[in-house]
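Student: turn this into a structure:
(2 chains)
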Amino acid sequence: GENVEQHPSTLSVQEGDSAVIKCTYSDSASNYFPWYKQELGKRPQLIIDIRSNVGEKKDQRIAVTLNKTAKHFSLHITETQPEDSAVYFCAASMRDSSYKLIFGSGTRLLVRP
Amino acid sequence: ETGVTQTPRHLVMGMTNKKSLKCEQHLGHNAMYWYKQSAKKPLELMFVYNFKEQTENNSVPSRFSPECPNSSHLFLHLHTLQPEDSALYLCASSQEGTRSSYEQYFGPGTRLTVT
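Tutor: Model (predicted):
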């Protein structure tokens, strides 16, 4: 089955700096890669996703890149703000045959003011 | 409010008790999920239901028993649990069969403590 690994487990950056979180997946059939943000005490919420037919997607300060050959994808947050502090989860799914998501272990991001 | 509610929000139960967790989605979705969130495995898929039919059982012990009476409601029946089952149990829903969005909407979770 699919296995998703996520790094780093914790990340501390200064406000205004960029943050990068990386994930690798094992099943080359996976074709959908979302990122969820979970603030302390709150539910996970989708912030951005990418499908395997594109290599990069941006939404304001966040972007996701996908390298299908290497089977890894990354979340990039630019100009970080204290409200970006949260746990971020990547996930992978084989949309053509299933809609279950396999999540990475999460990255706790701390943005220092 | 994301449209997915869960009750109770907190539950403490002994290992011999029987209890049920309830999830309700008000989004008109056709798929519902149970996840377990703990320190060891942050977001672990347990069960998937699509149009009330169970499509996935991720090797979950039989002391967890799901029930999906309709597309809006999902239950997780608990019996003879172990202390290591203490975790946050999250319910989620999504609309499958469309290409517009694959987003899963999560509920607030039930914090379960097994004593």
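Student: where are the low-confidence patches of chain A?
Tutor: Applying pLDDT under 70 to chain A picks out residues A:95-98.
Student: which residues of it lie near chain B?
Tutor: Taking C-beta under 8 Å from any C-beta of the partner chain as the criterion, chain A approaches chain B at residues A:32, A:34, A:36, A:42-46, A:49, A:87, A:89, A:91, A:93, A:95, A:98-103, A:105-106. C-beta coordinates here come from the backbone N, C-alpha and C atoms, glycine included.
Student: what do you get if the cut-off is 6 Å, keeping everything else the same?
Tutor: A:Tyr32, A:Arg43, A:Pro44, A:Leu46, A:Phe89, A:Tyr99, A:Lys100, A:Phe103, A:Ser105, A:Gly106 (C-beta under 6 Å from any C-beta of the partner chain).
Student: of those, select the buried ones using a PyMOL command.
Tutor: Buried members of those, defined by 16 or more other C-beta atoms under 10 Å in any protein chain shown, are picked up in PyMOL with:
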select buried, chain A and resi 32+43+44+46+89+99+100+103+105+106
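Student: strands - which of the residues of chain A next to chain B land there?
Tutor: Those of the residues of chain A next to chain B mapping onto strands are A:Tyr32, A:Leu46, A:Phe89, A:Phe103, per DSSP state E.
Student: with adjacent residues omitted, what lies nearest to B:Thr16?
Tutor: Distances taken as C-beta to C-beta, 6 or more residues apart in numbering or on different chains place B:Thr80 nearest to B:Thr16, at 6.6 Å, with adjacent residues excluded.
Student: and the one you found, how far from B:Phe47?
Tutor: B:Thr80 is 18 Å from B:Phe47, where distance means C-beta to C-beta, to the nearest Å.
Student: settle this for me: the residue nearest to B:Thr16 is touching B:Pro61, isn't it.
Tutor: No. The pair B:Thr80 / B:Pro61 is not scored as a contact, 9.7 Å apart, by C-beta atoms under 6 Å.
Student: A:Phe58: neighbour count?
Tutor: For residue A:58 the amino acid is Lys, not Phe. Burial measure for A:Lys58: 12 neighbouring residues, criterion other C-beta atoms under 10 Å in any protein chain shown.
Student: who does it form a beta bridge with?
Tutor: The residues listed as beta-bridge partners of A:Lys58 by DSSP bridges are A:Ala63.
Student: what's around residue 63, how many residues?
Tutor: Since you didn't name a chain, this refers to chain A. The number of residues packed near A:Ala63 is 17, by other C-beta under 10 Å.
Student: my question was about chain B
Tutor: 14.
Student: give the contact list for it.
Tutor: B:Arg63 makes contact with B:His79, B:Thr80, B:Leu81, according to C-beta atoms under 6 Å, 6 or more residues apart in numbering or on different chains.
Student: and the gap between it and A:Lys42?
Tutor: Taking C-beta to C-beta as the measure, B:Arg63 and A:Lys42 are separated by 28 Å.
Student: same check, this time on B:Ser72
Tutor: According to C-beta to C-beta, B:Ser72 stands 23 Å off from A:Lys42.
Student: the two: which has the busier surroundings?
Tutor: Legend: neighbour count by other C-beta under 10 Å for B:Ser72 and A:Lys42, higher for B:Ser72 (17 against 13).
Student: distance of the more buried one from chain A?
Tutor: Distance from B:Ser72 to chain A, counting by C-beta to the nearest C-beta, to the nearest Å: 18 Å.
Student: okay, that residue: pLDDT?
Tutor: Predicted confidence (pLDDT) for B:Ser72: 94.
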